[in-house]
Structure formats: C-alpha cells, structure tokens
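Trainee: can you look at this prediction? I've put the sequence above it.
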Amino acid sequence: MNNKHYVFLLKDEVIVPQCLEDKECGEVISSLLYQGFVVSNVHILSEGTEAALKKYQMNKNKYSNDFFGMNVSAVVC
C-alpha cells in the first residue's frame, strides 16, 4: 500500500480532505483558504481520499468537532 498524507479543510459544516501529494494541492488549499476554509489540525496517512475520510469519520470522537467555533458535520469529496 502506498499511503499518502491528507489534511482536512473545514468551513461551517463542510469537511474537504486534501492529499498533500497531489500536483494541484497548493492551488486547491489556497483557493479554499481564500473562500474562508481553515486547515484542521488533523493529518491522516491513507491510501486514498475515501479511505482518509473514512478514517477521519471513524475517529471523529477523538478530534474536536468544535473547530474555531464551527460544528463540522458535512463532507465534500
């Protein structure tokens, strides 16, 4: 398995997983930050976006859902 590093960008109730090894990673993150998203302190190693999101969701009780006052519950892939 080739695990990749994923971060999660959050805004309101939206979660966007982003692979740090994607070519367009910087542009995607920059665009989302410009739109008001924040980068979560959660980083996950996973073999794909769906698996990273699944790991995040399975362990979300370990992570704070109240990130900068935002109650995050929706997900965008």
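Mentor: Received, thanks. Residues are numbered from 1 along each chain as shown.
Trainee: so how far is stretch 7-23 off the chain centroid?
Mentor: Mean-position distance between stretch 7-23 and its chain equals 3 Å (Cα atoms, centre = their mean, to the nearest Å).
Trainee: in that stretch, which residues are buried?
Mentor: 7, 8, 9, 10, 11, 15, 16, 17, 18, 19 (16 or more other Cβ atoms under 10 Å). To be clear about C-beta, it is placed using only N, CA and C from the backbone, and glycine gets the same treatment.
Trainee: between the residues you listed, which is nearest residue 33?
Mentor: residue 9 (7.6 Å; Cβ to Cβ).
Trainee: and the closest one, what are its bridge partners?
Mentor: Using DSSP bridges, the bridge partners assigned to residue 9 are residue 16, residue 39.
Trainee: and the pLDDT at it?
Mentor: On pLDDT, residue 9 comes in at 92.
Trainee: do residue 33 as well
Mentor: 95.
Trainee: likewise residue 25?
Mentor: pLDDT at residue 25 comes out at 95.
Trainee: that one: what's it in contact with?
Mentor: The contact partners of residue 25, by Cβ atoms under 8 Å, 6 or more residues apart in numbering, come to 18, 19.
Trainee: list phi and psi for residue 53.
Mentor: Main-chain dihedrals, residue 53, degrees, to the nearest 10: phi -60, psi -40.
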